[in-house]
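In: Give the three-dimensional model of this entry:
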Amino acid sequence: MRKNMTQAMRTAQLTLMTMMIPITAWAQSLPAKGQSEDDWRHTVGIYMFAPLSTTGTSTINGSTVPIDLNLSDVLDLLDFAASGRYEAWKGDFGVVVDANYVGIKADGNLPGPAGAAYDVTVRQKWVALMAAYRVADGVLNGSGQRFTFDVHGGIRYNNLKQEANIGALPTAGGDEAWWEPVVGARGMWRLNDKWTSVASLELGGFGAGGNDLQIGANFGFDYQPWERTALTFGYRYYSIDYSTVLSGGPFAYDTDQHGPYVGVKFFF
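Out: You can find the predicted model right below:
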């Protein structure tokens, strides 16, 4: 039975790690082509991240296993993911709303003669509200290429549910929610009238709710062939170090991910 329990925990933990796909669409303090420099300008973005590698450790009910997933593993287990980010700017000041939801449902039978049935439910969602400020807005000498640099900060609500049912054993895992601070910075450099490079860094947690540190770093490009729409793509690094204690024992995950991202932005 202990062996089956360990196998089930590993299945649950592998499933859990696929939900840690951060899906965030960066809007911009640099006005897009066709946007006003003086009036309110708005950006809505949707975005998908495809982690080529997920490594680290996960602990459920005190049982710790290593995590080593490739993109194929993630896609096999992922059920549904959606996200959106809205930014409104006027001059140097902005407001940011970021929302994310990922849900997973997996079931089957453990290997071996006993073949105990299991099912795993995983859900993560967060909503962030942040204020933003453009601290630099200039033109590179000699090139005429405009650049901006902005910072943002605020608060983020997280909800994480992970439950595993194995045969007649008690349900493992739980449903946790917490508030945490989040800060970030972003630089944009307009290469020409259609292409813009974007680099960003976001940090969250800082020990709040058991989330020691959450890091998201992006580097990529916006391509705007249309007045109100741009395609965005690049590469992302993401890591999280979370731990708490539930009634069944320690529950933690400490992982790193990296891979390409792609999305679309709408300007109005």
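
In: ok, Gly138 - how many residues close by?
Out: 10 (other C-beta atoms under 10 Å). (Each C-beta comes from the backbone N, C-alpha and C, glycine too.)

In: wait, I meant Asp107
Out: Neighbour count for Asp107, taken as other C-beta under 10 Å: 11.

In: Strand partners (parallel or antiparallel) of the longest strand seen in the chain?
Out: Criterion DSSP state E: the longest strand present in the chain is strand 117-139. Partner strands for strand 117-139, per DSSP bridges, with pairing direction: strand 93-109 (antiparallel), strand 146-166 (antiparallel).

In: In TSV, list the ones you listed along with mean pLDDT.
Out: TSV is the format used below for the strands paired with strand 117-139 (pLDDT from 0 to 100):
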stretch	mean pLDDT
strand 93-109	81
strand 146-166	88
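
In: Of these, which is nearest Gln257?
Out: strand 93-109 (12.9 Å; C-beta to C-beta).

In: That closest one: how far from the chain's middle?
Out: Counting by C-alpha atoms, centre = their mean, to the nearest Å, strand 93-109 is centred 8 Å from the centre of its parent chain.

In: Dump that strand to CSV, keeping only the CA atoms.
Out: This file holds the C-alpha atoms of strand 93-109, laid out as CSV (Å, rounded to 0.1, in the frame of the first residue of the first chain):
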residue,chain,number,x,y,z
PHE,A,93,0.8,56.7,-15.1
GLY,A,94,-0.9,53.3,-15.6
VAL,A,95,-3.2,50.8,-14.0
VAL,A,96,-2.7,47.0,-14.6
VAL,A,97,-5.2,44.1,-14.1
ASP,A,98,-3.7,40.7,-14.6
ALA,A,99,-5.9,37.5,-14.4
ASN,A,100,-4.9,33.8,-14.8
TYR,A,101,-6.7,30.4,-14.6
VAL,A,102,-5.4,26.9,-15.1
GLY,A,103,-7.4,23.7,-14.5
ILE,A,104,-6.4,20.1,-14.7
LYS,A,105,-8.4,16.9,-14.2
ALA,A,106,-6.7,13.5,-14.5
ASP,A,107,-7.7,10.0,-13.6
GLY,A,108,-6.7,6.4,-14.1
ASN,A,109,-5.4,3.3,-12.4
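
In: tell me which residues of it are tucked away?
Out: Neighbour-count burial for strand 93-109 flags 94-96, 98-104, 106 (criterion: 16 or more other C-beta atoms under 10 Å).

In: before we move on, what about stretch 185-202?
Out: By neighbour count on 16+ other C-beta under 10 Å, the buried set for stretch 185-202 is 185-190, 196-200, 202.

In: Show me where the chain dips below the pLDDT cut-off.
Out: In the predicted model of the chain, residues 1-28, 77, 79, 104-106, 110, 112-114 satisfy pLDDT under 70.
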